[in-house]
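[1] Sequence and predicted structure below; questions after.
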Amino acid sequence: MRVLMHVRPDWRELPGGDLVQLQRWTVWLRRLGHEVIVSDQAEPDLRNIDLVHFHNLARAYALWPALEHCRRAGVPRVLTPLYWPTDEFDRIGRPGLASRIAHWLPDDWRGRLKSAARSIRAPGQRRALLREVWLGPRTLTRRFLSGFDALIANSQAEAAELGRLLDVLPSTYLAPSGVDAFFWSSDSKLWAEERQPILQAGKAHQSAEELGSAEQYVDVAHKAGVLCVARFDPQKAQHRLIEALRPMDVQLTLAGPDNPNYPAYRRYCQQLAGPRVTILSRRSSVELKRLYTGCKVFALCSWYEISALSGLEAACSGARVVMTNRGGWREYGSELAWYADPADLGSIRRAVEAALQAPATPPLRERVLASFTWEQSARALVQAYDRALAAPRQAA
């Protein structure tokens, strides 16, 4: 099979989990014998392409020209949406004045306002964003979705939410996310291969030599404290975690890069933080593995998570996982993790306390390795491709 993986045009400026998933799928599809071309062009070369795979419904405004190009060429098109409704977060999740303003705005106007603000911050995407401002995000999203032959969701929960967007949704298949071999395998060559660059300007996170050997990452006997690894972003709700754990006598470590769209959020978290809170910048994979291995509990109580790759990494490193109850992560963690309501500080506190006080660490690592490696994810993706190509095509 010859697949074109289409990457959003702002991938250099705004790295994220969608790009990690696209990159890992590309590597493993190639390992499984398929030819994969990666392009961020609005009009990629589609000669001899069997299928084009788009990613990230939230970037519909930027992906629209490439989708139209593929429709005109009559090439089969699938989308991994990475979708969860943002209404709750927009209404009550943002700290400060932004939340109070958003609470009173109708959903459609709130979305238009966000798009207008993005067009100011990202002048290179201004023309595409103005289409979203004009049509409204909901209308644009529905038109965009209707242009695909199939959708490939990361969970049943995501697929159910997608079903609420359109009366007639394209056929939807499942391909769950995976966890990097670096966090579970002793094969250092595989570590580096999974992270090889797939675009000319891409750069692997670290080489096999930089990542070291498995002996460096022996599980520590005494685990302590709570860890959260995520970009600093109100949607990730680090400020809620700080507030929820303030009454507890436990060390909290927050690590992650800044989101350029929220440049003041880290400072806001620092203002809330007390003496038991440590705030770190982006960490290398080597440093993250040591943090995961050393913590007793990993907590990510976001307003929503699609698949929370850092939760899978923490689980494979032996941490007990507390995850948001918004999104699809329960399909990954089942009853072997703890779940918290991000709107309820008491719920967050109780979930973390329960995880800290549990007599033993649940066998979540074993569950993740049995079902959620990137190889298993890529095999599920190939099955989704086969089903999409075998299904009746919509008219171009």
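    Sure thing, it's come through.

[2] what's near enough to touch residue 165?
    Residues near residue 165 by C-beta atoms under 8 Å, 6 or more residues apart in numbering: 83, 141-142, 145. Where you see a C-beta, it was placed from the backbone N, CA and C, and this is true even at glycine.

[3] repeat that for 10 Å
    Residues in contact with residue 165, defined by C-beta atoms under 10 Å, 6 or more residues apart in numbering, are 57, 81, 83, 85, 138, 141-142, 145-146.

[4] How about residue 328?
    By C-beta under 10 Å, 6+ apart, the contact set of residue 328 is 84, 153-161, 174, 176-177, 304-308.

[5] And the furthest pair within the contacts of residue 165?
    Farthest pair in these (C-beta to C-beta) is 85 and 146. Separation: 18.3 Å.

[6] which stretches of the stretch 151-300 of the chain form helices?
    Secondary structure of the stretch 151-300 of the chain (DSSP state H, counting those that start in this stretch): helices at 156-162, 188-194, 208-211, 238-245, 265-272, 285-294.

[7] hmm, back to that, give me the buried entries from the contacts of residue 328.
    Among the contacts of residue 328, those buried by neighbour count (16 or more other C-beta atoms under 10 Å) are 84, 153-155, 157-159, 161, 174, 176-177, 304-308.

[8] Report how many residues lie close to residue 186.
    11 (other C-beta atoms under 10 Å).

[9] from the chain's centre, how far out does the longest helix along the chain sit?
    Scanning the chain for the longest helix, with DSSP state H as the assignment, gives helix 374-390. Centroid separation for helix 374-390 versus its chain: 19 Å, with C-alpha atoms, centre = their mean, to the nearest Å.

[10] about what we covered before: which one of the contacts of residue 165 sits in the busiest neighbourhood?
    residue 81 leads the contacts of residue 165 on contacts (other C-beta under 10 Å) with 27 neighbours.

[11] Residue 147 and residue 8: what is the separation?
    As judged by C-beta to C-beta, to the nearest Å, residue 147 and residue 8 stand 16 Å apart.

[12] So which residues of the chain form strands?
    2-6, 35-39, 51-55, 77-80, 150-153, 171-174, 226-229, 252-255, 277-280, 297-300, 320-324, 338-340 (DSSP state E).

[13] Turn those into TSV, columns for mean pLDDT and distance to residue 288.
    Output for the strands of the chain, formatted as TSV (pLDDT from 0 to 100; distance: least, C-beta to C-beta, whole Å):
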stretch	mean pLDDT	distance to residue 288
strand 2-6	97	25
strand 35-39	96	25
strand 51-55	98	23
strand 77-80	98	24
strand 150-153	98	27
strand 171-174	97	28
strand 226-229	98	6
strand 252-255	98	7
strand 277-280	98	10
strand 297-300	98	11
strand 320-324	98	15
strand 338-340	98	21
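
[14] Nearest to residue 367, out of these?
    Residue 367 lies closest, by C-beta to C-beta, to one member of these: strand 320-324, at 10.8 Å.

[15] The closest one - contacts with which helices or strands?
    Counting contacts by 3 or more C-beta pairs under 10 Å, 6 or more residues apart in numbering; DSSP states H and E, strand 320-324 packs against strand 226-229, strand 297-300, helix 309-316, helix 330-333, strand 338-340, helix 345-357, helix 364-371.

[16] Residue 73: which of those is closest?
    helix 309-316 (32.8 Å).

[17] for the closest one, packing partners?
    Other helices and strands packing on helix 309-316, by 3+ C-beta pairs under 10 Å, 6+ apart, are helix 17-31, strand 226-229, helix 285-294, strand 297-300, strand 320-324, helix 330-333, helix 364-371.

[18] Can you give me the buried ones in the longest one?
    Neighbour counts over helix 17-31 (16+ other C-beta under 10 Å) mark 17-30 as buried.

[19] Could you list the low-confidence segments of the stretch 151-300 of the chain?
    For the stretch 151-300 of the chain, residues meeting the criterion pLDDT under 70 lie at 200-221.

[20] 50 - rerun?
    202-205, 208-209, 214-215 (pLDDT under 50).

[21] on that earlier part again, got the contacts of residue 165 as a markdown table, with pLDDT and distance to residue 51 columns?
    Converted to a markdown table, those look like this (pLDDT from 0 to 100; distance: C-beta to C-beta, whole Å):
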| residue | pLDDT | distance to residue 51 |
| --- | --- | --- |
| 57 | 94 | 18 |
| 81 | 97 | 16 |
| 83 | 96 | 20 |
| 85 | 92 | 28 |
| 138 | 77 | 27 |
| 141 | 86 | 22 |
| 142 | 87 | 23 |
| 145 | 95 | 17 |
| 146 | 93 | 18 |
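
[22] returning to that earlier point: return the most buried member of the helices of the stretch 151-300 of the chain.
    helix 238-245 (a mean of 23; mean count of other C-beta atoms under 10 Å).
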